[in-house]
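Undergrad: Predicted model and sequence below, questions to follow.
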Amino acid sequence: MNYFSSSSSSTSSSSSRSSSCSNSSSDSSSISIVVILVVEASAAAAVVTIVVVVVVVVVVVVVVVVVVVVISVWPEQFLEGKKLVEIKIKIV
């Protein structure tokens with residue numbers, strides 16, 4: 001009888017050990033999932049930042065080119081008496 005009781009006791013302790021091992025395994029997997037999500041979030045933030053910087057640079061370059069073209073073309077048009085843009089303002 002003592003043999004059976006010690007046997008069941010060792011079985012329950014081994015099952016509790018395996019249970020604690022499985023818990024630690026799930027904890028480490030959840031930690032790794034969190035780390036992967038954080039890494040993916042920071043990579044996504046980096047991509048968004050790069051895209052925003054590229055868009056801003058393109059807009060600035062376009063604005064500079066337009067300003068340079070207008071400045072270089074406008075005096076010639078002005079001296080010839082031609083109007084590039086005619087603006088009419090009506091006060092109602």
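TA: Cool, the structure landed. From a predicted model like this one, the values you see are computed outputs, not experimental measurements.

Undergrad: Please determine how far residue 61 is located from residue 48.
TA: 21 Å (Cβ to Cβ, to the nearest Å). Yep, even glycine has a C-beta here, placed from its N, CA and C like the rest.

Undergrad: for residue 72, same thing?
TA: 36 Å.

Undergrad: do the same with residue 55
TA: Residue 55 is 11 Å from residue 48, where distance means Cβ to Cβ.

Undergrad: what does residue 56 give?
TA: From residue 56 to residue 48 the distance is 13 Å (Cβ to Cβ).

Undergrad: what is the rounded mean pLDDT of stretch 73-90?
TA: When pLDDT is averaged over stretch 73-90, the result is 63.

Undergrad: Low-confidence ranges, this structure, go.
TA: Scanning the chain for pLDDT under 70 picks out the ranges 1-39, 74-89, 91-92.

Undergrad: Would you mind naming the helix or strand containing residue 52?
TA: Per DSSP states H and E: residue 52 is located in helix 2-80.

Undergrad: ditto for residue 90
TA: Assigned by DSSP H and E, residue 90 falls outside every helix and strand.

Undergrad: What is the burial count for it?
TA: Residues lying near residue 90 (other Cβ atoms under 10 Å) number 4.

Undergrad: ok, now residue 60?
TA: For residue 60, the count of nearby residues is 10 (other Cβ under 10 Å).

Undergrad: for residue 58, same thing?
TA: Quick note: residue 58 (other Cβ under 10 Å) scores 10 neighbours.

Undergrad: can you check residue 68 too?
TA: By other Cβ under 10 Å, the residues close to residue 68 number 10.

Undergrad: what's the answer for the one 4 residues further on, then?
TA: As a burial measure, residue 72 scores 9 neighbours (other Cβ under 10 Å).

Undergrad: How much space separates it from residue 66?
TA: 11 Å.

Undergrad: do the same with residue 59
TA: Relative to residue 66, residue 59 is positioned 11 Å away (Cβ to Cβ).

Undergrad: what do you get for residue 54?
TA: According to Cβ to Cβ, residue 54 stands 19 Å off from residue 66.

Undergrad: Please apply the same query to residue 51.
TA: 23 Å.

Undergrad: same deal with residue 47?
TA: From residue 47 across to residue 66, the span is 29 Å (Cβ to Cβ).
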